[in-house]
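In: With the input below, show me the fold.
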Amino acid sequence: MTVVRQRETSPEGKAGQPSAARLMVKPPGAERGHVDGGWWPRSLDLAAQLPELTAALAEAVGPLSRVTYHLDTWGLAARKVRVGERTVRLEGFRFTDPHTIMALGTDSRRVSLLVVPPETPGGMARAVLRSAASGDSTATAREILFGNGVPGPG
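Out: Prediction:
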C-alpha cells in the first residue's frame with residue numbers, strides 16, 4: 001500500500017473557501033496494516049466530500065480516479081462525479097469493510113482509509129485519526145474505532 005508522511009489537514013477552511021479534509025495518513029516506511037490512515041468527513045454525502053478528499057490525497061495517490069465504499073455506510077451516490085478537470089468513479093459495494101473507503105489514483109496507487117463517523121466529537125475523532133495513521137498500527141478499522149470509544153456502523 002502507498003503511504004505518505006503523517007499529516008492532518010486543517011479542520012476548518014477560511015470564510016468563503018472550501019474546508020480542508022480532516023485526514024491523517026501513515027508515514028513512509030510504516031507498518032502495513034488494515035488501513036493507511038483515517039478520514040473524518042463532514043457528512044455522509046460522498047459526492048459532496050470528494051473535492052476536499054481529492055485535494056488532500058493528491059500526494060498519496062496522485063490524481064484520484066476511483067473511490068470504493070460500503071453502500072450501507074454511505075448510501076447511493078452518483079457513479080461518476082466531476083471534481084475539477086477530472087471525473088472520479090464512485091463504486092459502492094456491500095462486501096467491503098463498512099468502516100473504510102479505498103481511494104485509487106490514476107497510476108494504481110491506493111490508500112485504504114478508516115472513516116470516522118461525521119458526528120463523532122472532535123477530540124475523539126482526532127484520537128481515531130492519530131491511531132489509524134500510527135506508523136506501527138496493524139489494527140482493523142473496527143478495532144481502532146472501538147478502541148477510541150467510537151461505535152461504528154455495522
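In: Could you use CA atoms for every contact and neighbour count after this?
Out: Noted.
In: just the strands in this structure please.
Out: Applying DSSP state E to the chain gives strands spanning 23-25, 37-39, 64-70, 80-83, 86-93, 100-105, 110-115.
In: where does the chain have low pLDDT?
Out: Counting by pLDDT under 70, the chain has low-confidence residues at 1-19, 152-154.
In: since we're on residue 123, how many residues are nearby?
Out: 9 (other CA atoms under 10 Å).
In: mind checking how far stretch 80-96 is from the chain centre?
Out: 13 Å (CA atoms, centre = their mean, to the nearest Å).
In: Please apply the same query to stretch 46-63.
Out: 9 Å.
In: and if you look at stretch 21-38?
Out: The answer for stretch 21-38 is 10 Å, by CA atoms, centre = their mean.
In: what's the answer for stretch 76-93, then?
Out: Centroid separation for stretch 76-93 versus its chain: 15 Å, with CA atoms, centre = their mean.
In: Go through it and flag the buried ones.
Out: For stretch 76-93, burial by neighbour count (16 or more other CA atoms under 10 Å) applies to 76, 80, 81, 83, 88, 89, 90, 91, 92.
In: what's near enough to touch the first one?
Out: With contacts defined as CA atoms under 8 Å, 6 or more residues apart in numbering, the neighbours of residue 76 are residue 92.
In: Okay, it and residue 128: tell me how far apart.
Out: 26 Å (CA to CA, to the nearest Å).
In: next one: the second one
Out: Look at residue 80 and residue 128: by CA to CA, they are 29 Å apart.
In: Likewise for residue 90?
Out: Distance of residue 90 to residue 128, computed by CA to CA: 25 Å.
In: what's the neighbour count on residue 126?
Out: Neighbourhood size, residue 126 [other CA under 10 Å]: 21.
In: Which stretches in the chain count as helices?
Out: Counting by DSSP state H, the segments of the chain that form helices are 46-56, 58-61, 71-74, 122-132, 141-147.
In: And stretch 42-49, what's buried?
Out: 42, 46, 47.
In: what's the closest of those to residue 135?
Out: Taking CA to CA as the measure, residue 135 sits nearest to residue 42 out of the buried residues of stretch 42-49, at 25.1 Å.
In: Ramachandran coordinates for the closest residue in space to that closest one that isn't next to it in sequence?
Out: Nearest non-adjacent residue to residue 42, counting by CA to CA, 6 or more residues apart in numbering: residue 118, 5.1 Å away. Main-chain torsions, residue 118, degrees, to the nearest 10: phi -60, psi -30.
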